[in-house]
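Participant: for reference, the sequence and a predicted model appear below.
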Protein chains: 2
Amino acid sequence: MESEFAFINHIKNRASAIGSPQSAVRFGIGDDCAVLSKDAKTDLVMTTDLLVEDVDFRFDWITPEFLGHKALAISLSDIAAMGAKPVWAMLSVGVPARIWKTDFVERFYDGWFALAKKFNVELVGGDVSRTPDKIVVDSIAAGEAKKNKAVLRSGARDGDLIFVTGALGGAAAALKLLESGERFEKSPNKNLFLRQLQPQPQTKVGQILGKENLATAMIDLSDGLSSDLAHLCRASNVGAKIYADKIPLDANFKNLSRSKKYKTFFSDNLNFALNGGEDFELLFTVNPKKVSRLKEELKNFSFSHIGEITANVEMIELSGKEKTEILHANGFRHF
Amino acid sequence: MESEFAFINHIKNRASAIGSPQSAVRFGIGDDCAVLSKDAKTDLVMTTDLLVEDVDFRFDWITPEFLGHKALAISLSDIAAMGAKPVWAMLSVGVPARIWKTDFVERFYDGWFALAKKFNVELVGGDVSRTPDKIVVDSIAAGEAKKNKAVLRSGARDGDLIFVTGALGGAAAALKLLESGERFEKSPNKNLFLRQLQPQPQTKVGQILGKENLATAMIDLSDGLSSDLAHLCRASNVGAKIYADKIPLDANFKNLSRSKKYKTFFSDNLNFALNGGEDFELLFTVNPKKVSRLKEELKNFSFSHIGEITANVEMIELSGKEKTEILHANGFRHF
């Protein structure tokens, strides 16, 4: 089997072969969420995300509460990337017997419910299973968008401006600290760690962009800017040019990477913003005519203009101080 | 943490605390599926099922195609148990890198799609992840039922008759053969093995029972008759009396258990029907007034009357040739 992205495309083609003309599926495999017809005014968007111990998290890095939070957060981020409002969710949780005997599961749900409450997401179902050894969580969430108004990856057009919410690189920087042995509990850099351990989905911004019809295309930054922008460009059949000096770097990370202690450790900090995953910010494109309205609607939120969509299909250029180079998709991949 | 059933009840109480008055949730945690409001005429039913290698299946027991089939079948069975029609599904699949390199994933989807095609179920989304060691699959499926007509576990009333579709014990008997070292490929008992490896969801019967308003309560037999009947009785606040000689035993299993070779191996064959899981037949209750119509509607399907609902709350009696005894829930449990 090739990369997971080629495989997903392959499965997408097999799945479309089944679709009937009366199908409720408005958009299936290949976006942050599937889009399904709900009623005359509303579409349902659905996402599922698998979190596996020792691949997506490590037991000694994350508290049960953080893991519960993160399981829901990554699904809410997918829903935000459709411009939709989260509504309900399900959870499949598999744990080994030794973990079942502890307070892990209860604390995991504490973290899950705390985030769910914030956005009025209802837990409607799930499954509990034993596993031989590792913890595994599948997070399923549903959102609602106005009919035909869910924001897909495929709507970006030549000349659209590219934006990201918040700041990038923090989650990947924290991951590197964790890998080097630093731990949240004892770290003076707690806020940076939280970017990795307790990511905040851009639920409000996503809803505004969807409701106000402001974004032509959108994706959440889970694999990393270089990979996620490539996904968006491929789906839209366009290219992109982004500017190195416009990419917003996480402030805590920037400070740390300039400190004496970490200067060498974090030598190329732009790399974390470009290729580090799990920032769970939104990457979206906007028709230039709508930019002034965008600024008005998002005046209470942090977001940055980082580049433009071009007609150079699937070519992504990174414009730096001295030269412009091709940006390859070097974000996270499972295979 | 106590048993998973006590835990699910505990989570159900936590979840209901969040529900808003405008909630789309008609029935959440605690049935085969959650029931959600779709539109003025239709409810959506949703289920998720986690399958974990070495807990729910073993790699050397099952072909990839069978596993793909079974992943969808168990979810379709949950939808059938709501009296609903399956519509779409999602899949989260986690495999180790060594499996990714083989044709496993492709063949898994072959099995999945073959069953999906039979019932016009569309794959709308999913996730692919690497795991450190074991295969894990989360199967998510959605069905539709007429507004307020999804069949819950909680509607059984004193005097209702209890029925099961098909025949029982085959899946558990095949599991025992697998555990003893027999394999499907070389076995003369292939049809019996298929009860475990390739279960057939009772999709058509479930839909008829739902559409025709025939069942007062329903559950699918996944944990085992003794446990699943107990779930139904608890949800309905009733008891039940079933008759040992009316419980339909899988024909292949019955023959095998009477053969010279397997007589001792399968000494108590009723036990497999009572406490063995994964038959994925439907257990349902019917008001006596509707029994003649039931027989008419299900004339092309196999089903048996096995007992009655009683007012002895949560007491389940098993009436045998010589005595009546209390039947305890001895079906499958993860914890």
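Facilitator: Now that the structure is in, tell me what you want to look at.

Participant: and the gap between whatever residue of the stretch 201-335 of chain A ends up closest to chain B and A:Ile74?
Facilitator: Relative to chain B, the nearest point of the stretch 201-335 of chain A is A:His334 (4.1 Å; Cβ to the nearest Cβ). C-betas here are computed from N, CA, C, even on glycine. A:His334 is 14 Å from A:Ile74, where distance means Cβ to Cβ, to the nearest Å.

Participant: which other helices and strands does the helix or strand hosting A:Glu65 contact?
Facilitator: Element membership of A:Glu65, judged by DSSP states H and E, is helix A:64-80. Secondary-structure packing of helix A:64-80 (3 or more Cβ pairs under 8 Å, 6 or more residues apart in numbering or on different chains; DSSP states H and E): strand A:42-52, strand A:85-95, helix A:104-118, strand A:136-146, helix A:203-211, strand A:217-220.

Participant: give me the mean pLDDT for that helix.
Facilitator: Mean pLDDT, helix A:64-80: 98.

Participant: repeat for stretch A:197-215
Facilitator: For stretch A:197-215, the per-residue pLDDT averages 97.

Participant: and if you look at stretch A:315-333?
Facilitator: 93.

Participant: what comes up buried for that stretch?
Facilitator: A:316-319, A:327, A:329-332 (16 or more other Cβ atoms under 10 Å in any protein chain shown).

Participant: now it, how far from the chain's geometric center?
Facilitator: Relative to the mean C-alpha coordinate of its chain, stretch A:315-333 is positioned 20 Å out (Cα atoms, centre = their mean, to the nearest Å).

Participant: which other residues reach that stretch?
Facilitator: Here stretch A:315-333 makes contact (Cβ atoms under 8 Å, 6 or more residues apart in numbering or on different chains) with A:3-5, A:222-230, A:233, A:239-245, A:274-278, A:307, A:310.

Participant: mind jotting down where the strands sit in the stretch 201-335 of chain A?
Facilitator: Using DSSP state E, counting those that start in this stretch, the strands of the stretch 201-335 of chain A run over A:217-220, A:239-243, A:282-286, A:303-310, A:316-319, A:324-326.

Participant: redo those as a markdown table? Include distance to A:Leu178.
Facilitator: Shown next, in a markdown table, are these (distance: least, Cβ to Cβ, whole Å):
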| stretch | distance to A:Leu178 |
| --- | --- |
| strand A:217-220 | 22 |
| strand A:239-243 | 28 |
| strand A:282-286 | 25 |
| strand A:303-310 | 27 |
| strand A:316-319 | 27 |
| strand A:324-326 | 30 |
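
Participant: just to revisit the earlier point, got the helices and strands packed on helix A:64-80 as CSV, with distance to B:Val93 and mean neighbour count columns?
Facilitator: As requested, the helices and strands packed on helix A:64-80 are exported to CSV (distance: least, Cβ to Cβ, whole Å; neighbours: other Cβ atoms under 10 Å in any protein chain shown):
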stretch, distance to B:Val93, mean neighbour count
strand A:42-52, 8, 25
strand A:85-95, 13, 26
helix A:104-118, 22, 20
strand A:136-146, 10, 26
helix A:203-211, 27, 22
strand A:217-220, 21, 27
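
Participant: the residue of the stretch 201-335 of chain A closest to chain B and B:Thr216: what is the separation?
Facilitator: As judged by Cβ to Cβ, A:His334 and B:Thr216 stand 46 Å apart.

Participant: if we can go back for a sec, who wins for proximity to B:Val136 among the strands of the stretch 201-335 of chain A?
Facilitator: With respect to B:Val136, and counting by Cβ to Cβ, the nearest of the strands of the stretch 201-335 of chain A is strand A:217-220 at 23.5 Å.

Participant: would you mind measuring from A:Gly143 to A:Leu91?
Facilitator: For A:Gly143, the distance to A:Leu91 - Cβ to Cβ - is 16 Å.

Participant: before we move on, back to that, how about a markdown table for the helices and strands packed on helix A:64-80, with distance to chain B added?
Facilitator: Formatted as a markdown table, the helices and strands packed on helix A:64-80 follow (distance: least, Cβ to the nearest Cβ, whole Å):
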| stretch | distance to chain B |
| --- | --- |
| strand A:42-52 | 4 |
| strand A:85-95 | 4 |
| helix A:104-118 | 6 |
| strand A:136-146 | 4 |
| helix A:203-211 | 16 |
| strand A:217-220 | 14 |
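
Participant: for these, give me TSV that also has distance to B:Met82.
Facilitator: Converted to TSV, the helices and strands packed on helix A:64-80 look like this (distance: least, Cβ to Cβ, whole Å):
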stretch	distance to B:Met82
strand A:42-52	18
strand A:85-95	15
helix A:104-118	24
strand A:136-146	17
helix A:203-211	30
strand A:217-220	32
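
Participant: which one of these lies closest to A:Leu298?
Facilitator: The nearest among the helices and strands packed on helix A:64-80, by Cβ to Cβ, is helix A:203-211 at 6.5 Å.

Participant: which ones among the contacts of stretch A:315-333 also lie next to chain B?
Facilitator: Taking Cβ under 8 Å from any Cβ of the partner chain as the test, chain B is in contact with A:Glu4 out of those.

Participant: could I have the buried ones of the contacts of stretch A:315-333 as ChimeraX selection syntax?
Facilitator: Buried members of the contacts of stretch A:315-333, defined by 16+ other Cβ under 10 Å, are picked up in ChimeraX with:
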select /A:4,5,222,223,224,225,226,227,228,229,230,233,239,240,241,242,243,244,274,275,276,277,278,307,310
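
Participant: re the thing from before, which among the strands of the stretch 201-335 of chain A is found nearest to B:Leu67?
Facilitator: Here strand A:217-220 is closest among the strands of the stretch 201-335 of chain A (Cβ to Cβ), at 30.6 Å.

Participant: hmm, back to that, for A:His334 and A:Ile74, indicate the residue with more neighbours.
Facilitator: A:Ile74 (24 against 20; other Cβ atoms under 10 Å in any protein chain shown).
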